[in-house]
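Peer 1: here is the input, now give the coordinates:
(one chain, ligands or ions: 1)
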Amino acid sequence: MRAFSYLVVVVFVFPMALLSAAEFPPVSELPISPELPDALVMFDGSRVTTNEQWEQRRRPELKALFQHYMYGYLPPKSAVRASLTAENDDLFDGKATWKIFTLHYGPEGTPPLELLLILPKGQKGVPPVFVGINFCGNHSVLTDPKVPLETSWYYGNCPGCKDNVASEESRGGQADRWNAEMIIDRGYALATFYYGDVDPDKRENDFTDGVHPHFFKPGQSEPGKHDWGAVAAWAYGAHRVIDFLEENQSVDTKRLALVGHSRLGKATLFAGALDERIKVVIPHQAGCGGTAPNRFNVGESVERINTSFPHWFNDTFPEFNRQVERLPFDQHCLVALCAPRAVLFSNAEEDQWADPNGQFNMLKAADPVYRFLGVDGLRPGAKPELGKLIDSRLGYYIRPGKHTVNADDWKAFLDFADRHLK
Ligand code: GCU
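Peer 2: Coordinates of the predicted model:
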C-alpha cells in the first residue's frame, strides 16, 4: 500500500513541473498550436485534475506566462501613503460627497496618483465600489469646478486637450461617460484615477516617464525583454488604489468591481486576473490585447497593436506578431485566472475592431475552468443579443452603436454588479 501511494505521488506530482520564469523557452522554441490552448493543461503537457493543482500550479504558471510573454512582470506590491488633498460635501444636490486623496507608492520619486472617491451619503453601512481607470483626468468625470485640473501629460483625444495639456474646457468632458450620479443613485461609490498619473500613454520613450524608470534595478536604464509595459503599469496603479481603499475603509472592498474602457479595459482584465480582491471584472470594449483572441486575426491583430502601440506590452510580445500560434495561452486563459469571480465582457455592434464575437468565444473557452472549479460560468445556450445583458458569472453585453461608454453600458455594469456583489 505504501509503495502504491509513492507511485501515485511520483506519477502525479513529478511531471507537473512548475517552470520558473527563467526556464520558459525563447519564443522560437515554443510549439505551434493553431487552436486555442486548453487552460486546464499545464505548460509541460500534463492535465490539471484537482482544484489544488489549479491553485498551486496552473494559476501561478498562467500568471507567469502572461507576464513573461505579453504584459511584462509587475514589480512586487509597494506600500501606499495617502493624504486627503481636496473634498466637497455637496455633490448632486447633497446626495454625495467627493474626496481626493494623493497616493504615494513605489520607490522615492515615483509620481503620485490622485484618487477621486465619490461616496453616496446617508446609507446604512459602507457602499460597494466601482474602481474605474479614467482617460481624461478626475476633473473630466465631474463638472464641479472644485476638482483640480489634471496638470501632468494629457491624453490627446480628450475633449479640451491643448498640446497634451488639460484646459479648463476639459472639465466634465467625460461626465456623460462616467455617469457618476447613476452610480451613486444605485448605492455604489466610485473610486477613479487618471491613467496618465501612473504612466503617460506615450509611444516614444515610454520608459522615461511615469512609474517605469523608478522601478529600474540598480544600473538599469532601459526596459528588459520581460519588463512591464504600460498596460501592466495601469493595472499596478489599480492594485495600489485597492490597497488604499482597504486601509481607508470608507467603501466595502469585499464588494469591489473594476472597470475600464478600451486600452484601460485591457488593463482591467489583466489587473483582475492577478488580484483576487477584484470581485467583478468589467473590461469594456477591450479588444486585442485584452478580451479578444490573439489567434485568428479578426479586427485588430497582434502585429498591428504592437506596431501602433509598442509601449503597451513587453518587448517579447512583438516576437509573436507573425506567429501568434506560438503563444502558450490565449485571452480565455486570462479570464480563467479570474475564476471563480464574475467577469463581464461588454461591447458595441459597430466596434468590430474589438472583435465582439471572438470575445464571446473567449468566455466560452474560459467556461470549462469555472465548471472545473465547481461554479457556473457562462449561461448554457446563451447567445449575444443586442441590448440584452447575459448576467451569468461569465457575462456578456453588446449594444447597438460605437466604441464609447454611455448610460446604457453603465446600466448593464450596475445590473451585473447588483447580481454578483449584492
Ligand atoms: C485603438 C487600439 C485599441 C484600443 C483603443 C483605445 O483603437 O487599436 O486596441 O483598445 O485604441 O484604447 O481607445
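Peer 1: quickly note the distance from the residue nearest to residue 340 when sequence neighbours are not counted to residue 394.
Peer 2: Distance criterion CB to CB, 6 or more residues apart in numbering; nearest residue to residue 340, sequence neighbours excluded, is residue 375 at 4.3 Å. From N, CA and C alone the C-beta is placed, and that goes for glycine too. Look at residue 375 and residue 394: by CB to CB, to the nearest Å, they are 10 Å apart.
Peer 1: run through the residues of the stretch 251-400 of the chain sitting next to the ligand.
Peer 2: Within reach of the ligand by CB under 6 Å from any ligand atom, the stretch 251-400 of the chain has these residues: 262, 263, 287, 288, 300, 305, 308, 353.
Peer 1: got a list of what the residue lying closest to the third one once chain neighbours are set aside touches?
Peer 2: So that's residue 287. Spatial nearest neighbour of residue 287, chain neighbours left out: residue 354 (3.0 Å); criterion: CB to CB, 6+ apart. If a contact means CB atoms under 8 Å, 6 or more residues apart in numbering, then residue 354 has 262, 285, 286, 287, 288, 291, 292, 299, 300, 347, 348, 403 as its contacts.
Peer 1: make JSON lines out of those residues and add pLDDT, neighbour count and secondary structure.
Peer 2: JSON lines is the format used below for the contacts of residue 354 (pLDDT from 0 to 100; neighbours: other CB atoms under 10 Å; DSSP: H, G, I helix; E, B strand; the rest coil):
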{"residue": "262", "pLDDT": "98", "neighbour count": "21", "secondary structure": "coil"}
{"residue": "285", "pLDDT": "98", "neighbour count": "27", "secondary structure": "coil"}
{"residue": "286", "pLDDT": "98", "neighbour count": "28", "secondary structure": "coil"}
{"residue": "287", "pLDDT": "98", "neighbour count": "26", "secondary structure": "coil"}
{"residue": "288", "pLDDT": "98", "neighbour count": "25", "secondary structure": "coil"}
{"residue": "291", "pLDDT": "98", "neighbour count": "30", "secondary structure": "coil"}
{"residue": "292", "pLDDT": "98", "neighbour count": "30", "secondary structure": "coil"}
{"residue": "299", "pLDDT": "97", "neighbour count": "19", "secondary structure": "coil"}
{"residue": "300", "pLDDT": "98", "neighbour count": "18", "secondary structure": "coil"}
{"residue": "347", "pLDDT": "98", "neighbour count": "26", "secondary structure": "strand"}
{"residue": "348", "pLDDT": "98", "neighbour count": "23", "secondary structure": "strand"}
{"residue": "403", "pLDDT": "97", "neighbour count": "16", "secondary structure": "coil"}
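Peer 1: turn those residues into CSV, columns for distance to residue 143.
Peer 2: Below are the contacts of residue 354 laid out as CSV (distance: CB to CB, whole Å):
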residue, distance to residue 143
262, 23
285, 25
286, 28
287, 30
288, 33
291, 31
292, 34
299, 35
300, 33
347, 28
348, 25
403, 24
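Peer 1: tell me where the chain has helices.
Peer 2: Using DSSP state H, the helices of the chain run over 2-13, 51-53, 59-66, 175-178, 180-185, 195-198, 230-248, 263-274, 302-308, 331-338, 356-372, 407-421.
Peer 1: list the helices and strands the longest one packs on?
Peer 2: When you say that, I think you mean helix 230-248. Applying 3 or more CB pairs under 8 Å, 6 or more residues apart in numbering; DSSP states H and E, we find helix 230-248 packed against strand 81-91, strand 96-104, strand 113-120, strand 129-134, strand 189-194, helix 195-198, strand 256-261, helix 263-274.
Peer 1: the shortest one and the ligand, are they touching?
Peer 2: No. Counting by CB under 6 Å from any ligand atom, the ligand has no neighbours in helix 195-198; the shortest distance is 10.0 Å.
Peer 1: gap between that helix and the chain center?
Peer 2: 14 Å (CA atoms, centre = their mean, to the nearest Å).
Peer 1: same for that helix, what does it pack against?
Peer 2: So helix 195-198, by 3+ CB pairs under 8 Å, 6+ apart, packs with strand 113-120, helix 230-248.
Peer 1: what does the first one give?
Peer 2: Judged by 3+ CB pairs under 8 Å, 6+ apart, strand 81-91 is in contact with strand 96-104, strand 113-120, helix 230-248.
Peer 1: now swap in the last one and tell me
Peer 2: Counting contacts by 3+ CB pairs under 8 Å, 6+ apart, helix 263-274 is packed against helix 59-66, strand 129-134, helix 230-248, strand 256-261, strand 280-284, helix 331-338.
Peer 1: name the residues of the third one that are buried.
Peer 2: Within helix 230-248, the residues that count as buried by 16 or more other CB atoms under 10 Å are 230-245, 248.
Peer 1: where in this structure is pLDDT low?
Peer 2: Within the chain, the stretches with pLDDT under 70 are 1-20.
Peer 1: any idea which residue is closest to the centre of it?
Peer 2: residue 268 (1.4 Å; CA atoms, centre = their mean).
Peer 1: ok, the closest residue to that residue other than its chain neighbours to residue 353 distance?
Peer 2: Spatial nearest neighbour of residue 268, excluding adjacent residues (CB to CB, 6+ apart): residue 260 at 3.7 Å. Separation of residue 260 from residue 353 (CB to CB) stands at 17 Å.
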